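Colleague: I would like the atomic coordinates for the input below:
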Amino acid sequence: MKQSLFESRHQRQWQAFAEQLTQLEQGQAKAADVADFPHQYRRLCQHLALAQERGYSSYLVDPLQQLALRGHQQLYRHRSQLAANALSFVLADFPRLVREQWRFVLIASMLFFGSLVGIALLVYLFPDLIYSIVSPQQVAEMQAMYDPDASRLGRAAERASSEDWMMFGYYVMHNIGIAFQTFAAGLLFGLGSVFFLIFNGLIIGAVSGHLTEIGYGQTFWSFVIGHGAFELTAIALAGAAGLQLGWALIAPGQLTRGESLRLAARKSVRMLCGVMLFLLIAAFVEAYWSSTTVITPWIKYLVGAVLWLLVGTYLGFAGRNRHAPD
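Modeller: Down below sits the predicted model:
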């Protein structure tokens, strides 16, 4: 291909890329304006390689090299900024958001943990109540999963021999499914989130009360105390995010319901991102720590208590400073 034809074919793309670069260098670019910047950069590099391979004149090659160099600098600076934003979200923005939405978090926690503790006590005192909440087949599976003689705790018979990394993937998908269901159901004016918070609390509480009553308490509680700090907290926070969506529909104020929902979704979706992080940590702990029978229960209790304290301290105090008050 002749150089003139090559230039005429791609000149507009180079000009558009140069304009993006200028916006980035001057700090005037919006995220939507430069979303395809990495793709444009790779295409420019391909054009530069073709121009060099075909021996086009320096009149063309030199400007392309300058654009590629500037693009490289902006690309990796942009990636560094993304990493910095992600770190800032984890260290400060997420716990600050949880505290900001404390009313929804409190209501969700009362619904979830209240139903969990309440039904656990009732099932412990009235053992037959378990069969009104959980089917006999599921009860038998739970007993097998937390049998003190089991080689790996918390795993059904068909998954008992699974590799830890496979169980990690299973826990991630299972827990995220529950959390997203609890969150998304908030679109039903919050009633869906209320239902799933209570429902999950009843199931978990009924199982815990039953296993404690039949003498499997040590294996069960030593299993759940570690990853439960992240997993149970994440379910409550997912419910809080769903309740926020529901409240935006119930009480939009002077806004339309659509506008109110859009504004609420900005915060609730960010909350959900933190929930996903908690669930990833929970899945890792559950697969590689909770399920093992090599570690004695008192060590698991000690580590679990530290993790609960860590989660509480993180959500309560991380991100507090004089420049960003709650």
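Colleague: Could you list the low-pLDDT ranges of this protein?
Modeller: Scanning the chain for pLDDT under 70 picks out 28-35, 77-82, 151-152, 154-165, 322-326.
Colleague: and the residue nearest the centre of it, what does it touch?
Modeller: Taking CA atoms, centre = their mean, the centroid of the chain lies closest to residue 276, which sits 1.2 Å from it. By CB atoms under 8 Å, 6 or more residues apart in numbering, the contact list for residue 276 reads 176, 179. Where C-beta positions appear, they are placed from N, C-alpha and C, glycine not excepted.
Colleague: Show the subsequent helix or strand relative to the host helix or strand of it.
Modeller: Assigning secondary structure by DSSP states H and E places residue 276 in helix 257-285. Following helix 257-285 in sequence order, the next helix or strand is helix 297-317 (DSSP H and E).
Colleague: List of residues touching that following helix?
Modeller: Contacts to helix 297-317, defined as CB under 8 Å, 6+ apart, come from residues 95, 98-99, 218-219, 221-223, 225-226, 228-230, 233, 285, 289-290.
Colleague: Show me the helices in the stretch 51-200 of the chain, by range?
Modeller: Using DSSP state H, counting those that start in this stretch, the helices of the stretch 51-200 of the chain run over 58-88, 94-100, 102-125, 136-145, 164-184, 191-213.
Colleague: Isn't residue 145 up against residue 153?
Modeller: Yes - using CB atoms under 8 Å, residue 145 makes contact with residue 153 at a distance of 6.9 Å.
Colleague: Distance-wise, check the residue nearest to residue 91 when sequence neighbours are not counted relative to residue 92.
Modeller: Spatial nearest neighbour of residue 91, excluding adjacent residues (CB to CB, 6 or more residues apart in numbering): residue 318 at 6.3 Å. Separation of residue 318 from residue 92 (CB to CB, to the nearest Å): 6 Å.
Colleague: can you check residue 208 too?
Modeller: Using CB to CB, residue 208 is found at 34 Å from residue 92.
Colleague: In terms of neighbours, single out the busier of those two.
Modeller: residue 208 (23 against 15; other CB atoms under 10 Å).
Colleague: mind listing what the more buried one touches?
Modeller: Neighbouring residues of residue 208 by CB under 8 Å, 6+ apart: 116, 120, 220-221, 224.
Colleague: Please render those residues as TSV that adds distance to residue 60 and neighbour count to the earlier fields.
Modeller: TSV is the format used below for these (distance: CB to CB, whole Å; neighbours: other CB atoms under 10 Å):
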residue	distance to residue 60	neighbour count
116	69	25
120	74	22
220	71	22
221	71	18
224	65	23
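Colleague: what's the closest of those to residue 48?
Modeller: Relative to residue 48, the closest of those is residue 224; by CB to CB it sits at 56.7 Å.
Colleague: helix or strand for the closest one, which one?
Modeller: Applying DSSP H and E, one finds residue 224 within helix 217-250.
Colleague: what comes up buried for the strand or helix carrying residue 4?
Modeller: Secondary structure from DSSP H and E places residue 4 in helix 3-25. Using 16 or more other CB atoms under 10 Å as the test for burial, helix 3-25 gives 6, 10, 14, 17-18, 20-21, 23-24.
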